[in-house]
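K.L.:
Sequence and predicted structure are below.
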Amino acid sequence: MLKGCDAIAAEDTRVTAKLLSIYGIAKTLLPYNEHNAGRERPRLLARLRAGERIALVSDAGTPLISDPGFKLVREAIEGDLHVEAIPGASALLTSLVLAGLPTDRFLFAGFLPVRSGERRTVLAELGAVPATLVCYESPRRLAECLADMNDVLGARGAAIGRELTKFHQEMRRGDLASLAASYRNEPDPKGEVTIVVGPPLKRGPDTARIDSLLTQALAFMPVRAAADLVAEAVSTSRRAIYARALELKAGNIE
C-alpha cells in the first residue's frame, strides 16, 4: 500500500524514513502530529480531494489511537473521501492479551489527566464501569497514577505493560496496591507505559438488608408478592429471594 500512495503523513518523518529505507520505498514524507495537525490537515484534505493517495502512519502502535489522526479521518469522511485502514501493532490490544484480566468487555481511557485531583475525579467516574480499564501513562507519573488508582478504585488486579510490541517489551502483573508500592520504590521506567486494571469485584447481595425487607413484607403480604417486591428493590434474582422468603416464613409459623 505504501508503494502505491503519493505521499506519506507521519508523526516523525525521521522514524518513518528508516522504515521505508528498509523496504526500498521512496515517497514524499509529510509531518503530521499534535503540534502541526491544525495547519497540515487542510493541506492533506486538499490533496485527497485532488485525487492523491495519502497514507497516514505512526511511529509506534496503530494510527488514530490517542493521536490526532482521528480528526483527519473524521474530516475526510465528512468530505465523502474514501478511507481504508490496515491494522498494525497495538499496545492497547497487546496489553489486554498479556494482562491475564477479563477481555470480554473493556474500556480504553486514553491518557488520564496529569494533575492528581483531576485524575481522581476521572477515576471515580470510571470506577463503576463493569469492564477492564486500559489507559496510557507517562513513565514519570506511573507511581503516582497507580497510587491514585489504588485509593479510588480499591483492590483490583492490574498489569503494567512497557514498550509493548517493541524489542524491550515487558509486562508486570499484580494488584494495584503491590504495583503502586513497587514503582514508588523504583526508578521511573523507560519507554511507553500501558496500565490495565481489572473490572470491579463482584459483591454478593446484602443478606441482612434482604432479610429485613422480607420480614417487613411478609407481615402483610403473601410469600410470592413479598419476594417480587424485595427482588425488585434490591435488584437480585427473584428465585433466590423467593427461596429465602420461604425459609423465613417457615421459621416464623405461629
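P.N.:
Right, received. Where do you want to start?
K.L.:
mind listing the strands for the stretch 151-254 of the chain?
P.N.:
Taking DSSP state E, counting those that start in this stretch, the strands of the stretch 151-254 of the chain run over residues 157-162, 170-175, 193-197.
K.L.:
and if you look at the stretch 1-150 of the chain?
P.N.:
Using DSSP E, counting those that start in this stretch, strands in the stretch 1-150 of the chain cover 7-10, 28-31, 54-57, 106-111, 132-137.
K.L.:
JSON lines please, covering those and showing mean neighbour count and mean pLDDT.
P.N.:
For the C-beta atoms, the positions are set from N, CA and C on the backbone; glycine is no exception. Formatted as JSON lines, the strands of the stretch 1-150 of the chain follow (neighbours: other C-beta atoms under 10 Å; pLDDT from 0 to 100):
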{"stretch": "strand 7-10", "mean neighbour count": "22", "mean pLDDT": "93"}
{"stretch": "strand 28-31", "mean neighbour count": "16", "mean pLDDT": "93"}
{"stretch": "strand 54-57", "mean neighbour count": "20", "mean pLDDT": "92"}
{"stretch": "strand 106-111", "mean neighbour count": "15", "mean pLDDT": "94"}
{"stretch": "strand 132-137", "mean neighbour count": "23", "mean pLDDT": "96"}
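K.L.:
Is Pro189 in contact with Leu142, as I believe?
P.N.:
Yes: counting by C-beta atoms under 8 Å, Pro189 touches Leu142, with 6.5 Å between them.
K.L.:
which residues do the two both contact?
P.N.:
Counting by C-beta atoms under 8 Å, 6 or more residues apart in numbering, the shared contacts of Pro189 and Leu142 are 160, 183.
K.L.:
the more surrounded of those two?
P.N.:
For Pro189 versus Leu142, the count of surrounding residues by other C-beta atoms under 10 Å is larger for Leu142: 21 against 17.
K.L.:
which residues does that one contact?
P.N.:
Here Leu142 is in contact with 160, 183, 188-189, 193, 195 (C-beta under 8 Å, 6+ apart).
K.L.:
6 Å instead?
P.N.:
183, 193 (C-beta atoms under 6 Å, 6 or more residues apart in numbering).
K.L.:
Can you give me the separation between it and Thr236?
P.N.:
39 Å (C-beta to C-beta, to the nearest Å).
K.L.:
Break this protein down into its structural domains.
P.N.:
Using automatic domain parsing, the domain parsing of the chain gives 2-78, 91-197, 207-251.
K.L.:
Need the strands of the stretch 1-150 of the chain in TSV (columns: distance to Arg39).
P.N.:
As requested, the strands of the stretch 1-150 of the chain are arranged in TSV below (distance: least, C-beta to C-beta, whole Å):
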stretch	distance to Arg39
strand 7-10	13
strand 28-31	10
strand 54-57	16
strand 106-111	23
strand 132-137	25
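K.L.:
Of these, which is nearest Pro199?
P.N.:
strand 132-137 (5.5 Å; C-beta to C-beta).
K.L.:
other SSEs contacting that closest one?
P.N.:
For strand 132-137, the elements it packs on are strand 106-111, strand 193-197, judged by 3 or more C-beta pairs under 6 Å, 6 or more residues apart in numbering; DSSP states H and E.
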